[in-house]
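# model this:
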Amino acid sequence: MKTTLIAAALAALALPAAAHEYGFAGILSNTNSEEMPEITLSVGKPLAEGPITLKSGMMYELEIEADGTGELGLEGPGFFRAIWVNEVVINGLEIRPYGLESVEFDEAGEMEIEFLAIKPGQYYLKIPGSTGESQRVEIVIQ
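I've put the predicted structure just below:
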């Protein structure tokens, strides 16, 4: 009888199956992250092969590399509003912003943006003021 009561109490305390999907650290755990293609900022060269497909609820690390051939940036206000930015890393410095609308490189360097994809839809990142298809990458959040 005691064994049955103890088993019933433990079963009542057990977390639902959905609570275990992401691991003990929740959505920020390593088991909830996927790779994303790197974006390269270089005058006259494509940003990335696209479109890039992401899954809502997954963590991603966007690596952006600028080669210094020009003062280049990336904008994508719709995309940046459809994600939650966990951190931006520049030269080993971690920044935890409330949000982003664009980023810019004045010289060669690297930046990593770790984010959670949230709102499904079709978005883009592009070099501000550019009109060429290779200066824009489509991003789909499913």
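# domains of the chain?
What the record gives for the chain is the domain set 1-26, 35-141, from automatic domain parsing.
# What segments of the chain are helices?
Here the chain has its helices, by DSSP state H, at 2-13, 77-81.
# Flag whichever of those helices has the least confidence on average.
Per-stretch mean pLDDT for the helices of the chain is lowest at helix 2-13 (a mean of 52).
# Sketch out the low-pLDDT regions of the chain for me.
Scanning the chain for pLDDT under 70 picks out 1-30.
# all strands for it, in order.
Here the chain has its strands, by DSSP state E, at 33-34, 39-41, 52-54, 59-66, 72-75, 83-90, 93-95, 102-105, 109-117, 121-126, 136-141.
# Report all helices and strands that the last one contacts.
Packed against strand 136-141, as judged by 3 or more C-beta pairs under 8 Å, 6 or more residues apart in numbering; DSSP states H and E, are the following elements: strand 52-54, strand 121-126. Quick note: C-beta positions are derived from backbone N, CA and C, even for glycine.
# Quick check, E114 in contact with I83.
No. Contact criterion C-beta atoms under 8 Å: E114 and I83 do not qualify, at 10.0 Å.
# if you count what's nearby, which of these two comes out ahead?
I83 (23 against 18; other C-beta atoms under 10 Å).
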